[in-house]
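Colleague: Fold the stuff below for me.
(chains A and B)
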Amino acid sequence: MSDLTLTVMRLGFLAVLWLFVIVAVQVIRSDLFGTKVNPRSARRAAAAPAGAPNRPPQTQQSAAPAQPRQRRGAPTHLVVVQGSLAGTTVALQGQTITLGRAHDSTIVLDDDYASSRHARIYPDQTGQWTVEDLGSTNGTYLDRQRLTTPQPLQPGMPIRIGRTVIELRK
Amino acid sequence: MSTFDLSSNSNTEPARRRANTTITPQGTPNRRNTELVMLAFAVLVPMAAYANVGLAIDKKLPAGMLEYGLGMGALALIAHLVMRRFAPYADPLLLPLATLLNGLGLVMIWRLDKAGSLLASNYPAAANQLMWSGLGIAFFIGVMLLLKDHRILQRYTYISMVVALVLLAAPAFFPARAGDFGAKIWIHIGSFSIQPGEFAKIILTVFFAGFLMVKRDALALASRRFMGLYLPRGRDLGPIIVVWLLSILILVFETDLGSSFLFFGLFVVMLYVATERTSWIVFGLVMSIGGAAVVAMAEPHVKTRINSWLDPMAAFQDPPPPGTSEQIGQTLMSFGTGGVTGTGLGQGRSWLIQFAAKSDFILGSFGEELGLTGMMALFVLYGLIVQRGLRTAVAARDPFGKLLAVGLSSAFALQVFVVAGGVTGLIPLTGMTMPFLAQGGSSVVANWALIAILLKISDTARRPAAEPTPEPAPGAEPTRT
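Modeller: Okay, here's the model as predicted:
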């Protein structure tokens, strides 16, 4: 085995090892930025300002007068903004989201003021996201008002359960 | 409906209908195919290393190369298929990273077996390690099959505490054997020896996660502010003092600096994550340094370690002063020989670090034969495992899962830091094994189990919240008015 072959093998192996590292980092990269937002069609894209698909809130506000349907500003995810779970997000895909201390809740609240099945957030028959208190002890508050009936939710309205605050975001 | 992107996946229709823009996940939401490709890559890299060692030492390809590669590939494939069935949404990187590190470790042990056959103290270890790796993957599969949901572990909070304490205390009561090299961390049963501390690491994390989840509100209470730190109330110091005393007891009775540091560090990290109070980290650092300093005065074994950290080259004086060890000096020399790109696999002389060359000091061999470039790649691989673990913690939707994932990944990170820091002379040497790389059955098996639990948490965290229904389900209608 000549020295040259061994040198090539040595450097080649290091290159392969680093190639693995780089590919692995690429996998994480697409994992972190996993969703690609595309304008839906040419007609819709024309209604929205060009170049803004990565800033959905602004896009939707300016598009709202053109399309006055309430589905226009539909939220896409739910964010915990305060409390021990702050930062957690759940994508809204038409499923019911249950909140509470129970282990099988979608969002398990670790909050002394939360009941085991505290509240749920679900789309009603028209697709409007709605929050309902499930008979909790300390109540669910929407904009400082205690919920007594299911209430429709708009993006950005804070839902307070104990020390946890949750919002729907677009 | 008419505005759909027709190329999109149909099972996320309702989300699309309401959304202004089409959100297209890149690739399928479960990333098992990515994992399969990475896994194939992770098997090929050690194969290349194996061929490289054979060509460098024997001038020909190693005889068992095909069998070895197929065997390792088959093990990895079984693990992958089990994940497709039982953890379909889990992280795509953890399994390939662990497979790669395990494979590289096996190659290096085999290479040290070959070169060191000149030495009397050497005995072949690669076959044994291969057996343990197989057992580790079997454990991995076992965890995948049996642990339906990581939240089940929360029920066993206090049982875990008892089991972990028994495991930690056990080596102190078993008779030591020649060849235990100072630290009493083994249990010998027949010709078989295990290190219960490796398993205690995982079980203790379960206890810490369960305990801190319940108690963290009390522990986060601050009584007063002092120099920018919120000081906890005196009575809340109870848990940290108990864990500290425990780690000091390990240090005294088993003379094991590594486990002692690992368990205390793990508790402090989890306490910090659970309460978000920086003061716990300050307390933890002061207590661990204070404790270690006092014990170092008294225990000769620990004192030797500290002396050879302060002056690694002292042992090469003639005559060597008492209470020094030449291992760290030898390892530093092997790093120096390696330089930036290394001597090439199979061409170093790191087997000259005779005892523990395959276990605690295996990084020395990697440093010599792969150089700084290779070492950096290894550390990035470890870093990626830790990052995936912490990412899982961020994504987890329940506090117990968050704490457990943080705990497991920081235990892994602390172990890598303690070993790598010790071998490179940054901190005093502690007798722990480099996860996956080093020879040591218990370590490989326990770390495979650790990866399996992380993957299980990650599967729960990344699973879509529920099956999206095309129309709002009847149950979703208001039930009370």
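Colleague: Residue 81 - how many residues pack around it?
Modeller: No chain in the question, so chain A it is. Using other Cβ atoms under 10 Å in any protein chain shown, A:Val81 has 15 other residues around it. In short, each C-beta sits where N, CA and C put it, glycine included.
Colleague: Hmm, no, I was thinking of chain B.
Modeller: 13.
Colleague: How about B:Ile250?
Modeller: When neighbours are counted by other Cβ under 10 Å, B:Ile250 registers 28.
Colleague: And B:Leu153, how far from B:Gly389?
Modeller: Separation of B:Leu153 from B:Gly389 (Cβ to Cβ, to the nearest Å) stands at 16 Å.
Colleague: Any idea what the residue lying closest to B:Asp398 once chain neighbours are set aside is bridged to?
Modeller: Distances taken as Cβ to Cβ, 6 or more residues apart in numbering or on different chains place A:Val108 nearest to B:Asp398, at 3.7 Å, with adjacent residues excluded. Beta-bridge partners for A:Val108, by DSSP bridges, are A:Gly100.
Colleague: my guess is A:Val108 meets A:Ala102, correct?
Modeller: Yes. Using Cβ atoms under 8 Å, A:Val108 makes contact with A:Ala102 at a distance of 7.4 Å.
Colleague: Comparing the two, which shows the higher neighbour count?
Modeller: In this view A:Val108 and A:Ala102 are compared by other Cβ under 10 Å, and A:Val108 has more residues nearby, 26 against 14.
Colleague: the more surrounded of B:Leu153 and B:Gly389?
Modeller: B:Gly389 (28 against 24).
Colleague: Give me the phi and psi for that one.
Modeller: Torsion angles at B:Gly389 (phi, psi; degrees, to the nearest 10) stand at phi -60, psi -50.
Colleague: Give me the secondary structure label for the closest residue to it other than its chain neighbours.
Modeller: Leaving aside its sequence neighbours, B:Gly389 sits nearest to B:Ser409 (Cβ to Cβ, 6+ apart; 2.7 Å). With DSSP: H, G, I helix; E, B strand; the rest coil as the basis, B:Ser409 sits in helix.
Colleague: can you tell me which residues contact the residue nearest to B:Asp398?
Modeller: A:Gly100, A:Arg101, A:Ala102, B:Arg397, B:Asp398, B:Pro399, B:Phe400 (Cβ atoms under 8 Å, 6 or more residues apart in numbering or on different chains).
Colleague: What count of nearby residues applies to the nearest residue to the second one once chain neighbours are set aside?
Modeller: The reference is to A:Arg101. Excluding its sequence neighbours, the residue lying closest to A:Arg101 (Cβ to Cβ, 6+ apart) is A:Ser116, at 4.6 Å. Residues within reach of A:Ser116, counting by other Cβ under 10 Å, total 15.
Colleague: A:Ser116 contacts A:Ala102, correct?
Modeller: Yes. Between A:Ser116 and A:Ala102 there is a contact under Cβ under 8 Å: 4.3 Å.
Colleague: By proximity to chain A, which residue of the stretch 201-350 of chain B wins?
Modeller: Closest approach between the stretch 201-350 of chain B and chain A, counting by Cβ to the nearest Cβ: B:Gly344, at 3.6 Å.
Colleague: how near is the nearest residue to that residue once chain neighbours are set aside to B:Met47?
Modeller: Among residues not flanking B:Gly344 along the chain, A:Arg10 sits closest, at 3.6 Å (Cβ to Cβ, 6+ apart). For A:Arg10, the distance to B:Met47 equals 16 Å [Cβ to Cβ].
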